[in-house]
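>>> Quick one, what's the 3D model for this:
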Amino acid sequence: MKRSRLPLTALRSFEAAGRLMSFTRAAEELCISQAAISRQVRELEVLLDRPLFDRGHRSVKLTQEGAKLLDVVTASFDAMSDGLADVERGKGPDTVNINAEPSFAACFLTPHLSDFQRSHPDIDVRVESESGLAEFRHNEDVVAIRHGLTKTSWPRSESRHLMDVQMTPCLSPRLLEGRALPQRPIDLLDFPLLYEDSRDMWRSWFERTGVSSDVYPRGPIYTDEGMTLQAALRGQGVALLEERFAREYLASGLLIRPFQQTLPFGAFFIVVRGFETLAPAAHDFLEWLSESVRSRDAH
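Numbering: from 1, shown residues only. This is a model prediction of the structure:
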């Protein structure tokens with residue numbers, strides 16, 4: 001097909017639908033209607049005279065020809081995106097775009113990011129907080145921080161281990177209200193517990209310390225560790241917090257760590273589209289981030 005006849009709009013819709021395996025999500029990403037995605041993909045299929053998707057009632061699946069075309073189109077859009085990014089670099093201050101898990105953004109980046117900015121005043125930092133799959137679909141360097149319980153890699157990207165996660169119980173002195181500090185892990189069952197996502201993490205910690213119980217204290221269930229940390233600081237209950245995230249609060253006396261037992265809970269990873277193609281500013285940030293984690297391991 002001649003370059004002048006390339007159906008770029010239809011190819012963009014096809015690429016998004018194939019990469020996300022969803023016409024609905026493709027429409028959300030491209031800010032157009034699902035009907036427009038469906039129409040443009042259908043026009044591309046008519047032009048090529050072959051189906052690119054097998055359409056089910058609530059799902060779509062690439063055909064063999066569709067999968068082959070997707071590989072080519074995705075690589076082509078990525079190459080164009082990289083080319084545009086190269087042209088844009090050099091305009092104004094360098095910017096590092098960080099897309100971090102909510103817990104990491106709230107409990108590590110927010111308290112410590114000013115250290116990076118003091119040492120790199122010529123680099124702007126933009127932080128987004130989300131836990132979904134990082135797609136790296138913009139003309140910019142994105143450094144994603146993702147947690148994996150067992151997962152160590154993500155599609156269409158490169159990953160590097162940042163830090164293991166060790167969860168430990170912490171509580172505010174305000175929670176005791178004249179009561180004695182718990183002496184045994186089972187004593188924590190007499191206090192309200194703060195839960196993250198579900199009660200499973202606390203159950204695993206208790207089992208690791210030899211405590212088996214069918215009944216756990218009632219307490220709010222938060223969606224991320226940043227909220228459990230804030231609730232713990234206000235004396236609302238005992239939280240399981242990552243050791244590094246809690247360290248400065250423990251050192252200042254705002255939190256107490258009644259027991260040393262920890263629960264291994266996966267790891268955080270640096271995830272990027274490609275380490276070799278990152279801009280110098282992103283490399284500076286990664287160097288600072290890794291050193292910042294190592295320095296807190298040493299204390």
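
>>> Going by C-alpha atoms from here, please, whenever you check contacts or count neighbours.
Fine.

>>> those helices in the stretch 1-150 of the chain, which residues are they?
Assigned by DSSP state H, counting those that start in this stretch, the helices in the stretch 1-150 of the chain fall at 8-20, 23-30, 34-48, 64-88, 102-104, 110-119.

>>> and the shortest one, what does it pack onto?
With contacts defined as 3 or more Cα pairs under 8 Å, 6 or more residues apart in numbering; DSSP states H and E, helix 102-104 has these neighbours: helix 225-233.

>>> Follow the chain on from the helix it packs on and name the next helix or strand.
Once the chain leaves helix 225-233, the next helix or strand it forms, by DSSP states H and E, is strand 238-242.

>>> what's the burial count for Glu177?
Neighbours of Glu177 under the rule other Cα atoms under 10 Å: 9.

>>> Next, give phi and psi for it.
phi 50, psi 50 (degrees, to the nearest 10).

>>> What ranges in the chain fall below the confidence cut-off?
85-93, 133-140, 298-299 (pLDDT under 70).

>>> Could you pick out the longest strand of it?
Identified as the longest strand of the chain according to DSSP state E is strand 158-170.

>>> Run the angle between that one and helix 225-233 for me.
Using axes from the mean of the first three to the mean of the last three Cα atoms, to 10 degrees, the direction of strand 158-170 lies 20 degrees away from that of helix 225-233.

>>> returning to what we had before: switch the helices of the stretch 1-150 of the chain over to CSV; also include mean neighbour count and distance to Leu229.
Output for the helices of the stretch 1-150 of the chain, formatted as CSV (neighbours: other Cα atoms under 10 Å; distance: least, Cα to Cα, whole Å):
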stretch, mean neighbour count, distance to Leu229
helix 8-20, 20, 34
helix 23-30, 17, 33
helix 34-48, 17, 40
helix 64-88, 14, 38
helix 102-104, 22, 9
helix 110-119, 13, 13
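
>>> hmm, back to that, quick one: contacts of the longest strand of the chain?
Defining contact as Cα atoms under 8 Å, 6 or more residues apart in numbering, one finds that strand 158-170 is touched by 152-153, 232, 238-243, 246, 255-275, 290, 293.

>>> Swap in 6 Å and give it another go.
Outside strand 158-170, the residues within contact range by Cα atoms under 6 Å, 6 or more residues apart in numbering are 153, 238-243, 256-257, 262-274.

>>> got the angle for that strand vs strand 238-242?
150 degrees.

>>> Would you mark the buried spots in strand 158-170?
Using 16 or more other Cα atoms under 10 Å as the test for burial, strand 158-170 gives 158-159, 161-170.
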